Each structure stands twice: as C-alpha cells, then as structure tokens.
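# sequence and predicted structure below; questions after.
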Amino acid sequence: MARLGELERAVMEVLWDAGAPRTARQVADGLPARDLAKTTVLTVLSRLEAKGRVVRCRDEWAHTYEATAAREDYIAELMHEALGDAGDRTAALVRFAGQVSAEEAAALAAALGEAQRRAGVSPAGG
C-alpha cells in the first residue's frame, strides 16, 4: 500500500468530508489555511489518482475527483500494515485490544464473530 503524504492526506480529508465529487478548485478552497494554487492541488490529485486513491470524472467543463474508498478503509489498511510490521502479531493484537474502550471492544467482538462465520470457523468459546 502506498502511504499518503501529509498534503495528500489533507486533500483526501477534503474529499472524504465532502462525500461527493469535487473540482480541484473546491478541494483547494477546502484547505484555506494552506493557500494552495490550483495547479498544486491538481498535481496532488494526479498522484492520488496514480495511487488508485481517487477517480477523476469529466463533469461538463471541469474534472471532478472522488475518493475510491472510505476513510475507514484507509485507516484499516494502515492498521493492517502496522500489524504486518509487528514481530509478534498476536502480542500486538492483544496490546491493541487492551487499549480499546468497552464500546470499541464490543464492535471488535462483533466484527470478529462475523469474520469467523464467513470463514466457517466456530466462535471462540462456542
């Protein structure tokens, strides 16, 4: 997976928050503190398109850009990559699970139960 640079991540945040295709000008306007030129934003969008993170569409006169996956998909990829870097994946997972809230633990338990059902594995303790 190609990690996003800081400016790429900021552009993606604008697209994720928008929830709809945006022109380069709209993306630049969504980053007012950065005072970026439209050409800079177009360059970043082009790199993101090459990485498969955005798709470009022709919308009448202007090109629009849209994220190819949700923010949560990107975060999940980062988590999976980080887990792959662990020497002991089980220990890393146990430490991660020990740091989540009760609500997050319930969400993880439900997700793991669903993954086990899809894989045809009996749930732990059952």
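Everything's here; your move.
# next, the contact list for the nearest residue to Gly52 once chain neighbours are set aside, please.
Nearest residue to Gly52, sequence neighbours excluded (Cβ to Cβ, 6 or more residues apart in numbering): Thr68, at 6.1 Å. In short, each C-beta sits where N, CA and C put it, glycine included. Contacts for Thr68 (Cβ atoms under 8 Å, 6 or more residues apart in numbering) come out as 52-55.
# pull the longest helix from the protein.
helix 102-119 (DSSP state H).
# same question for that one, mean pLDDT?
Averaged across helix 102-119, pLDDT comes to 91.
# can I see the domain layout of this protein?
6-67, 71-118 (automatic domain parsing).
# return the list of helices and strands in contact with whichever helix or strand Thr64 is part of.
Using DSSP states H and E, Thr64 sits within strand 62-67. Here strand 62-67 touches helix 6-18, helix 24-29, helix 38-50, strand 54-59, going by 3 or more Cβ pairs under 8 Å, 6 or more residues apart in numbering; DSSP states H and E.
# can you rerun that using 6 Å?
strand 54-59 (3 or more Cβ pairs under 6 Å, 6 or more residues apart in numbering; DSSP states H and E).
# going by neighbour count, list what's buried in the strand it packs on.
Val54 (16 or more other Cβ atoms under 10 Å).
# and stretch 4-22, by the same measure?
Buried residues in stretch 4-22 (16+ other Cβ under 10 Å): 4, 7-8, 10-15, 21-22.
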